[in-house]
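Colleague: this one's structure only:
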């Protein structure tokens, strides 16, 4: 840190002129005080709650969950209903009965719908509306590309 001890050459010897240097000392003092405050208050901000959690137990049953009920709407307009790899063809008139039968056998109340990317939106929404009219509101959409499957 520098100090100006004499006035300008040729001027009043008591005139020091303007000092345009930054005085860093008050800034450092304030920062040190803030650092000390944060160091003191940081341990108070951490809370610890003692929990007595039960030990982890492996599942008692080894039964696999049933596969979900799946409705596949193909580009040709035909629909397949089934669970897992067992599917059968259905029509608009028997769709709800087939879905309810599959739901009762799978014990899962969610219906998954997978449609080909070329299926018309109105056909897709007709299926969704039929399911909702029958009281089936847990509907999930599967977004896989069926155009490569045979």
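Modeller: That came through fine. Small disclaimer: the values here were computed from a predicted structure and weren't measured.
Colleague: List the buried residues for the helix or strand of the chain with the lowest mean pLDDT?
Modeller: Across the helices and strands of the chain, the lowest-confidence element by mean pLDDT, DSSP states H and E is helix 95-106, at a mean of 78. By neighbour count with 16 or more other Cβ atoms under 10 Å, helix 95-106 contains the buried residues 95, 96, 98, 99, 102, 103, 106. (C-beta placed from N, C-alpha, C; glycine too.)
Colleague: right, and out of these, which lies closest to residue 125?
Modeller: Of all the buried residues of helix 95-106, the one with the least separation from residue 125 (Cβ to Cβ) is residue 95, at 13.6 Å.
Colleague: Contact partners for the closest one?
Modeller: In this structure, residue 95 makes contact with 71, 79, 81, 127, 130, judged by Cβ atoms under 8 Å, 6 or more residues apart in numbering.
Colleague: swap the cut-off to 7 Å and go again
Modeller: For residue 95, the set of contacting residues under the criterion of Cβ atoms under 7 Å, 6 or more residues apart in numbering consists of 79, 81, 127, 130.
Colleague: Could you work out the most separated pair of those residues?
Modeller: Across the contacts of residue 95, the longest distance by Cβ to Cβ is 12.0 Å; it joins 81 and 130.
Colleague: quick one on the thing from earlier: which is the next helix or strand following the least confident helix or strand of the chain?
Modeller: With elements assigned by DSSP states H and E, the helix or strand that comes after helix 95-106 is strand 111-115.
Colleague: which residues of the protein fall in helices?
Modeller: According to DSSP state H, the chain carries its helices in the segments 25-45, 95-106, 121-133.
Colleague: Could you say which of those is packed most deeply?
Modeller: Neighbour counts averaged per stretch over the helices of the chain are highest for helix 95-106, at a mean of 16; criterion: mean count of other Cβ atoms under 10 Å.
Colleague: how much does that helix deviate in direction from helix 121-133?
Modeller: For helix 95-106 against helix 121-133, the angle between stretch directions is 60 degrees (axes from the mean of the first three to the mean of the last three Cα atoms, to 10 degrees).
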